[in-house]
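1. coords below, sequence missing:
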């Protein structure tokens, strides 16, 4: 009788597990199918459209490249506006490349290729980078079975990068290459971090911990790779435009973009207290850096970038002084890490649901809306729940493995 009861309990448990498994897989299929189909449709339409690229951020990179080719100021608002207007961009919404001058060599390539060809090549290239990043993260975890990695391929901020022609996927690529190479090829890992310099404000707590880790672990080859790559990038930029650094500094001092609102908690704090005091936007980042350093110091002897670096990246996104939803592409390694160590299929379903909400929100909410403020805390909260669930499962396994005396 007892044996029969045990079999019935096990059967019910397996049935519940199958139901959870089915629900998680259906949610992954729904999110991946919706996000990737929209992206694929965009890529198919792009070669035949005359103005689809004209409404994207990519056109600002091309216009910057045109300025470089003509040996003109790549940060001249009026001249950039004229180029973008000719490319069918709304003249009321002039876009200027806000990246540090390190990104000018990339813009120069776009200028050489021309707008249409560069646009046609750029988005598939970004999609390829996304696929490579997801596969590398999956391999770092031992290529676990299942379909959780499809959530990385369907992650809305990354797909938005592809359709807008944004550079944030390059930040993701630099981060993933660092995670992949920091043990086996430390110099190359450091050089890969050059891609993260394109938007360094996204990585402030991460950068503080990285420097601390380099000196504590004596990983000076990582630092050497980063310094060499940065020096080469700066040299190329200077060759293309010897005045680029001063032109960028003048643009940042005189333009209004430093006072614009982006859906970040730092900008929200600044606007609530004193919109003219830009330094207020950095208060969350300072707090985040202090927390990250303390978090690292307690774990410095057992530091693992894949495990311990994940919350650092998510906190960096949360406290960034400014940024956009597509910059959150760099959350993919952390979220996939949480998904791969999970035993709970319900949490996988919740993550898929969060991604699906962002998919639909873009159709109703502008990118500058405060309604995007929820995403960075949501990724961090989900990851915390995932890690807590994984630890409980590990503790249960350890207890059950202990033989009874």
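-> Structure received. Every value quoted in this text rests on a predicted model; they were computed, and no experiment measured them.

2. next up, identify which helix or strand residue 230 is on.
-> helix 220-240 (DSSP states H and E).

3. and the helix or strand following that helix, which residues are buried?
-> Next along the chain after helix 220-240, taking DSSP H and E as the criterion, comes helix 244-254. Using 16 or more other CB atoms under 10 Å as the test for burial, helix 244-254 gives 244, 247, 248, 251. Yep, even glycine has a C-beta here, placed from its N, CA and C like the rest.

4. what about the nearest residue to the third one once chain neighbours are set aside, how many residues close to it?
-> This means residue 248. The shortest distance from residue 248 to any non-neighbouring residue, by CB to CB, 6 or more residues apart in numbering, is to residue 101 (5.2 Å). Counted by other CB atoms under 10 Å, the residues lying close to residue 101 total 23.

5. residues making contact with the helix holding residue 230?
-> 68, 101-102, 104-105, 108, 182, 186-194, 197, 210, 214, 244-245 (CB atoms under 8 Å, 6 or more residues apart in numbering).

6. out of the residues you listed, name the ones that lie in helices.
-> 68, 104-105, 108, 186-192, 210, 214, 244-245 (DSSP state H).

7. go through the residues you listed and name the one nearest residue 355.
-> Proximity of these to residue 355 (CB to CB) peaks at residue 192, which lies at 26.2 Å.

8. would you mind listing the residues in contact with that closest one?
-> Per CB under 8 Å, 6+ apart, neighbours of residue 192: 173, 174, 177, 178, 181, 225, 229.

9. from residue 74, how far off is residue 250?
-> For residue 250, the distance to residue 74 equals 12 Å [CB to CB, to the nearest Å].

10. do residue 125 as well
-> Taking CB to CB, one finds residue 125 at 22 Å from residue 74.

11. those two: which is more packed in?
-> Set residue 125 next to residue 74 and count neighbours by other CB under 10 Å: residue 74 wins out with 30 against 14.

12. now do the contacts for the more buried one.
-> So residue 74 contacts 64, 67, 68, 80, 97, 104, 107, 241, 244, 247 (CB under 8 Å, 6+ apart).

13. tell me the pLDDT of it.
-> Note for residue 74: predicted pLDDT of 93.

14. same check, this time on residue 257
-> pLDDT for residue 257: 78.

15. residue 84 versus that one, what's the distance?
-> 16 Å.

16. can you give me the mean pLDDT across the strand or helix carrying residue 315?
-> Using DSSP H and E, residue 315 falls within helix 305-319. Averaging pLDDT along helix 305-319 yields 96.

17. now do the buried residues in the helix or strand that contains residue 112.
-> Element membership for residue 112, per DSSP H and E: helix 104-113. Neighbour counts using 16+ other CB under 10 Å place 104, 105, 106, 107, 108, 110, 111, 113 of helix 104-113 among the buried residues.

18. I'd assumed residue 58 was in contact with the fourth one.
-> No: using CB atoms under 8 Å, residue 107 is not in contact with residue 58; the gap is 10.2 Å.

19. which of the three states applies to the closest residue to residue 282 other than its chain neighbours?
-> Nearest non-adjacent residue to residue 282, counting by CB to CB, 6+ apart: residue 321, 4.9 Å away. At residue 321, secondary structure determined by DSSP: H, G, I helix; E, B strand; the rest coil is coil.

20. pull the contacting residues for residue 321.
-> With CB under 8 Å, 6+ apart, residue 321 has these contacts: 201, 204, 264, 266, 267, 281, 282, 284, 285.

21. and the first one, how close does it get to residue 288?
-> In this structure, residue 201 and residue 288 are 12 Å apart, going by CB to CB.

22. go on, residue 382?
-> Taken as CB to CB, the span from residue 382 to residue 288 is 18 Å.

23. comparing the two, which residue is more hemmed in?
-> Each of residue 382 and residue 288 has its neighbours counted (other CB under 10 Å); residue 288 has more, 23 against 20.

24. is that one in contact with residue 319, as I believe?
-> Yes: the criterion here is CB under 8 Å, and residue 288 meets it with residue 319 at 3.5 Å.

25. between these two, which contacts overlap?
-> 204, 205.

26. next, the angle helix 305-319 makes with the one helix or strand residue 283 maps to.
-> Applying DSSP H and E as the criterion places residue 283 in helix 283-298. Helix 283-298 runs at 160 degrees relative to helix 305-319, counting by axes from the mean of the first three to the mean of the last three CA atoms, to 10 degrees.

27. by contact count, what packs against helix 283-298?
-> Using 3 or more CB pairs under 8 Å, 6 or more residues apart in numbering; DSSP states H and E, the elements in contact with helix 283-298 are helix 204-217, helix 265-273, helix 305-319.

28. of all these, which lies closest to residue 169?
-> Evaluated with CB to CB, the helices and strands packed on helix 283-298 place helix 305-319 nearest to residue 169, the distance being 14.8 Å.
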